[in-house]
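K.L.:
Need the 3D shape of this:
(chains A and B)
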There are 2 protein chains.
Amino acid sequence: MARVLITTVPFGAHNNLPLELLASTDAGYSVNPLGRRLKEAELAQMAVDTEIIIAGTEPITATVMDAATNLKLISRVGIGLDNVDLHAARERGIAVSYTPEAPAPAVAELTIGLILSLLRHTHLANLKMHRGEWDRHMGRRISEVTIGIIGTGRIGSRVLRRIPVFGTPRTLVNDLNPEHKLVPESKLEWVSKDTIYREADVISVHVPFTKQTRNMIGLQQLRQMKPDALIINTSRGGIINESDLYQVLSEGHLGGAAIDVFQDEPYVGPLGEIDRCLLTCHMGSMSIDCRSRMEIEATEEVVRFLRGLDLQNLVPEDEYLSQQLFRG
Amino acid sequence: MARVLITTVPFGAHNNLPLELLASTDAGYSVNPLGRRLKEAELAQMAVDTEIIIAGTEPITATVMDAATNLKLISRVGIGLDNVDLHAARERGIAVSYTPEAPAPAVAELTIGLILSLLRHTHLANLKMHRGEWDRHMGRRISEVTIGIIGTGRIGSRVLRRIPVFGTPRTLVNDLNPEHKLVPESKLEWVSKDTIYREADVISVHVPFTKQTRNMIGLQQLRQMKPDALIINTSRGGIINESDLYQVLSEGHLGGAAIDVFQDEPYVGPLGEIDRCLLTCHMGSMSIDCRSRMEIEATEEVVRFLRGLDLQNLVPEDEYLSQQLFRG
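P.N.:
Model (predicted):
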């Protein structure tokens, strides 16, 4: 009987080391056969006899934990914990580990690519060229616009460190956690979120999904933005309200949007009707190096657990506190 | 009768100053009514009475000049001179000016955006999402790949100055002009073009269109490249042979391509069938700031001419020599 269930997909596809590490333990493992993010009921059924989940972003709820009576460790491949009910896990004596550093470089680099694409309408030109339409679009350079970053943690701060090479005349930042104000970036203006909504030309959000950030950007915030503002979400679906975004884009407001994360994934929905909305499929962490590092770190934690060693990447206490206060 | 013909489009669309400058001269101007790059015969007809052309990339050949018997000045909005027969102009006493610095920042920034998009398959995911398909693609970061830049002049050197912020483990460079070896970039390996074709993961060309560079990258060069190599052309159509590129992409070779320039523009052709081929419509210089600067500089030269002042942006002698030797 396999003791380890790998729910995150893909896994081990570009670097075999995580699977080799697991094979070295004799614990046995099975892999999510559906090849996509599991729904709660699917996971509850699949995890019935599981001791360890190597987890993605599927919902690991109290219901799942009650079904998975042998569950002892959830090892998250990634940083977001909005899908794991941390308190339900603690009540049941289930340890939770994660890999907070590994995805950040890949998400930051994707974000900058999305900013450059939106600013130059590359995505739009490409869609049209593939339909046989030659329709040239005038764009802007980073040096012509005000950048607004909401969330200056691991990912936001990496974005902020990379963009000045393109010349950033004005960069507005905001963070939920005032400690992040200590990030030593030059030429940053710490402002309210409303100021970012009103004054930034490019707005990118890099915050966790919590009660505070759910629907953080809805109709009211979107309508405050400049008519040609560009908005990017590579954090979590639901932080920008999808139907509100669809509504304002349909009405001709905003110059474009780049959305990598959705409330329900896989996403199939009306944003696909909007040509100037650049859509990717939760690919923020999907660079070979970052994904491998995430999988290896999560698997090493599992191997430690199986060998009775101390865990090294346990979720810290402030994540429990934050979830208690703000769970989305 | 208008003495000035503006053939490049768009013109004055985002900054009215060039048109105001022209209006201040009483010379009168007319604008290309077709709204797209003119063909030789169209231009010959349109320029019959013209004294000055504010020119784009349309063919300004001896035939055109023979039709435009009053022509005294060609003021190119941009850098490439492959479309202007410099010697035919000289023989007829027609001055030629250009704006070599203005487009470079915009082309370099577009190029980096295309590199990031190709590396993460953003363009491909977006095409599929707009068709209702959720198909996640594993990508690479710049820090995982070898970059190869052919051409280290105004644009290539700007690309080389901006990408190290993403971490570039190995950067291969080549230039037609050995003097460019003096560009003081760190960590560059000066190698043959063949070495770039064989060893680079991302290959971007930044060379003028000449006899030397026409079809510089054809079947033989493409087939030397790594099976997952990514190739970018934001310089001029015809430097990468389009039908050869189509052939190798159709056969499954190369990880992707980003093509902004085409032999015949507007381009409608088979590359549009290839989903992993990112296509844009000669938008390299199309950022508001760079385009405005190009238009203003080209117009200022026209105003100087009309006022009998010395021209300041005359095409230098080495461009005449280069065209004599290498015209494509």
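K.L.:
For the rest of this, base every contact and every neighbour count on C-alpha atoms.
P.N.:
Will do.
K.L.:
residue boundaries of the strands in the stretch 51-200 of chain A?
P.N.:
Counting by DSSP state E, counting those that start in this stretch, the stretch 51-200 of chain A has strands at residues A:52-55, A:73-76, A:95-97, A:146-150, A:170-174, A:188-190.
K.L.:
got the residues of the stretch 1-150 of chain A near chain B?
P.N.:
Residues of the stretch 1-150 of chain A that fall close to chain B, judged by Cα under 8 Å from any Cα of the partner chain: A:106, A:109-110, A:112-114, A:116-117, A:120, A:122-123, A:125-127, A:129-141, A:144.
K.L.:
can you tell me which of the residues you listed are in helices?
P.N.:
A:106, A:109-110, A:112-114, A:116-117, A:120, A:122-123, A:125-127, A:129 (DSSP state H).
K.L.:
Buried among these? Need that as a selection in ChimeraX.
P.N.:
Selection of buried members from these for ChimeraX, criterion 16 or more other Cα atoms under 10 Å in any protein chain shown:
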select /A:106,109,110,112,113,114,116,117,120,122,123,125,126,127,129
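K.L.:
How many residues are close by A:Ile142?
P.N.:
The tally of other residues near A:Ile142 (other Cα atoms under 10 Å in any protein chain shown) stands at 25.
K.L.:
just for chain A, where's the confidence low?
P.N.:
Residue ranges of chain A with pLDDT under 70: A:1, A:178-186, A:327-328.
K.L.:
in it, which helix has the most residues?
P.N.:
Per DSSP H, chain A has its longest helix at helix A:288-306.
K.L.:
so what does that helix touch, helix or strand wise?
P.N.:
Helix A:288-306 makes packing contacts with helix A:17-23, strand A:52-55, strand A:73-76 when contacts are defined by 3 or more Cα pairs under 8 Å, 6 or more residues apart in numbering or on different chains; DSSP states H and E.
K.L.:
can you do 10 Å?
P.N.:
strand A:4-6, helix A:17-23, strand A:52-55, strand A:73-76, strand A:95-97, helix A:104-120 (3 or more Cα pairs under 10 Å, 6 or more residues apart in numbering or on different chains; DSSP states H and E).
K.L.:
now those in CSV, with distance to A:Val207?
P.N.:
Listed next are the helices and strands packed on helix A:288-306 as CSV, based on distance: least, Cα to Cα, whole Å:
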stretch, distance to A:Val207
strand A:4-6, 26
helix A:17-23, 28
strand A:52-55, 20
strand A:73-76, 18
strand A:95-97, 19
helix A:104-120, 12
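K.L.:
about what we covered before: can I get the longest helix of chain A in CSV? Just the C-alpha atoms.
P.N.:
The C-alpha trace of helix A:288-306 is given here as CSV (Å, rounded to 0.1, in the frame of the first residue of the first chain):
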residue,chain,number,x,y,z
ILE,A,288,12.1,23.8,-14.9
ASP,A,289,14.5,25.0,-12.2
CYS,A,290,11.9,26.4,-9.8
ARG,A,291,9.5,23.6,-10.2
SER,A,292,12.3,21.1,-9.6
ARG,A,293,13.4,22.9,-6.6
MET,A,294,9.9,23.0,-5.2
GLU,A,295,9.4,19.3,-5.8
ILE,A,296,12.8,18.3,-4.4
GLU,A,297,12.3,20.4,-1.3
ALA,A,298,8.8,19.1,-0.7
THR,A,299,10.0,15.5,-1.2
GLU,A,300,13.1,15.9,1.0
GLU,A,301,10.7,16.9,3.8
VAL,A,302,8.7,13.7,3.2
VAL,A,303,11.9,11.6,3.3
ARG,A,304,12.8,13.3,6.6
PHE,A,305,9.4,12.4,8.0
LEU,A,306,9.6,8.8,6.8
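K.L.:
Nice, that's everything, thank you.
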